[in-house]
Structure formats: C-alpha cells, structure tokens
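In: Generate a structure from the sequence data that follows.
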Amino acid sequence: MSDVSVRPATAADRPVLERLWLMFRHDLSEFHGLLPRPDGTFRSDRLDDALTRGDWAPYLLTSGESPVGLAFVRGLPGPTRVLNSFFVVRGARRTGIGLRAVRAVVAEHPGPWEVAFQDENVAAVRFWRRVATAIAGDAWTEERRPVPGRPELPPDVWIAFDVPAC
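Out: Numbers count the residues shown, from 1 in each chain. Predicted coordinates for the structure are as follows:
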C-alpha cells in the first residue's frame with residue numbers, strides 16, 4: 001500500500017471524516033492526557049470548521065477505496081497557510097503515503113506554510129522535520145510557541161516552510 005489519492009472533502013464525506021477524526025484525536029490524547037466525552041467522542045470543532053468555513057480546506061486521503069487519512073488547512077486568505085490537522089491511519093504509516101499526501105496538499109496552496117506538533121510525539125517530530133526538508137531543503141525553521149489559553153501544556157513546536165508556485 002503505497003498509493004495515495006488526495007482530494008477535497010465535501011459534506012458528503014463527513015461520516016468518514018468523523019471516524020478518521022476519532023482515530024486522530026485518540027492518537028493525540030496520549031500527549032495531552034485527553035479523555036473522550038461521555039458519548040465516546042472527542043471535541044470536533046476543527047472538523048466542523050474544516051467543513052463549514054470558507055477560509056479552511058478539508059482533504060480526504062485514500063489508498064484505493066480505503067480512507068487512510070485527513071488533512072485540514074486553515075488560513076487560506078491569510079499570508080500563511082496552516083496545516084491544522086493531519087492524520088494517517090496506523091496501517092498506512094511508514095509507507096510514504098504521509099509525505100506524498102502532504103506534498104499534494106501544500107501544492108494546492110503555494111506560499112508560506114506552518115505546521116504544529118508536540119515534542120512528546122517523537123514520531124511526529126521525525127515526520128515533520130523530514131517533510132520540511134523534502135519540501136524546502138534547508139530553508140525551513142522551527143520554533144516553540146505557547147499553546148493559546150493552555151499555560152499548563154508544554155509549548156507546541158512549529159515548523160515553517162515555503163511552497164513555490166508551479
């Protein structure tokens with residue numbers, strides 16, 4: 001499984017995105033000690049924003065007919081796009097799908113980009129540094145920023161790079 005298709009997600013994709021979102025939030029819960037709500041779900045405001053706000057772009061990642069991930073971009077009209085959420089199911093990780101998917105998403109929106117992750121997520125640290133290098137060579141930066149409104153959490157790591165227009 002190394003093929004990946006990346007396409008804009010629509011409201012019709014919501015049920016699939018909701019399931020992928022639960023897996024994504026479950027993976028991240030390890031790093032912030034988050035627990036599901038009483039109904040077994042996690043907060044989904046970013047999923048809602050991605051599907052309803054005009055300054056966001058949701059993408060569905062597939063391999064063949066199987067959904068393998070999601071990508072949510074925010075900040076489309078602004079000077080910098082943010083890869084707000086990015087997730088690949090565990091069964092598709094370490095196959096090259098993630099890097100190919102990120103390349104496809106950022107190519108749709110050339111210009112400055114940022115992506116955040118947590119230092120504790122060692123796999124994400126390796127992945128995003130590899131992605132930044134693959135896309136921008138040595139021309140990327142990394143900094144730590146406090147999580148807005150969450151002083152009890154360690155700062156997020158932010159990587160920034162530029163994607164040239166084709």
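In: Please count neighbours and contacts with C-alpha atoms only from this point.
Out: OK.
In: Give the closest residue to residue 83 in space, chain neighbours not counted.
Out: Take residue 83 and drop its neighbours on the chain: the residue closest to it by Cα to Cα, 6 or more residues apart in numbering is residue 73, 4.7 Å away.
In: Kindly apply the preceding question to residue 103 instead.
Out: For residue 103, the spatially nearest residue (Cα to Cα, 6+ apart) is residue 135, at 7.3 Å.
In: and the end-to-end length of stretch 108-121?
Out: With Cα to Cα, to the nearest Å as the measure, the ends of stretch 108-121 fall 27 Å from one another.
In: Over to stretch 73-85?
Out: 7 Å.
In: Going by neighbour count, list what's buried in that stretch.
Out: Going by neighbour count (16 or more other Cα atoms under 10 Å), the buried part of stretch 73-85 is 73-75, 80-85.
In: any idea which helix or strand of the protein has the worst average confidence?
Out: helix 14-32 (a mean of 82; mean pLDDT, DSSP states H and E).
In: Can you show me the CA trace of the following helix or strand past it as PDB?
Out: Remark: after helix 14-32, the chain's next helix or strand is helix 45-52, criterion DSSP states H and E. Extracted as PDB, the C-alpha positions of helix 45-52 are listed here (Å, rounded to 0.1, in the frame of the first residue of the first chain):
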ATOM      1  CA  ASP A  45     -14.700  21.900  16.400                       C
ATOM      2  CA  ARG A  46     -11.800  21.800  13.900                       C
ATOM      3  CA  LEU A  47     -13.700  19.100  11.900                       C
ATOM      4  CA  ASP A  48     -16.700  21.400  11.900                       C
ATOM      5  CA  ASP A  49     -14.600  24.400  10.900                       C
ATOM      6  CA  ALA A  50     -12.900  22.500   8.100                       C
ATOM      7  CA  LEU A  51     -16.200  21.500   6.600                       C
ATOM      8  CA  THR A  52     -18.100  24.800   7.000                       C
END
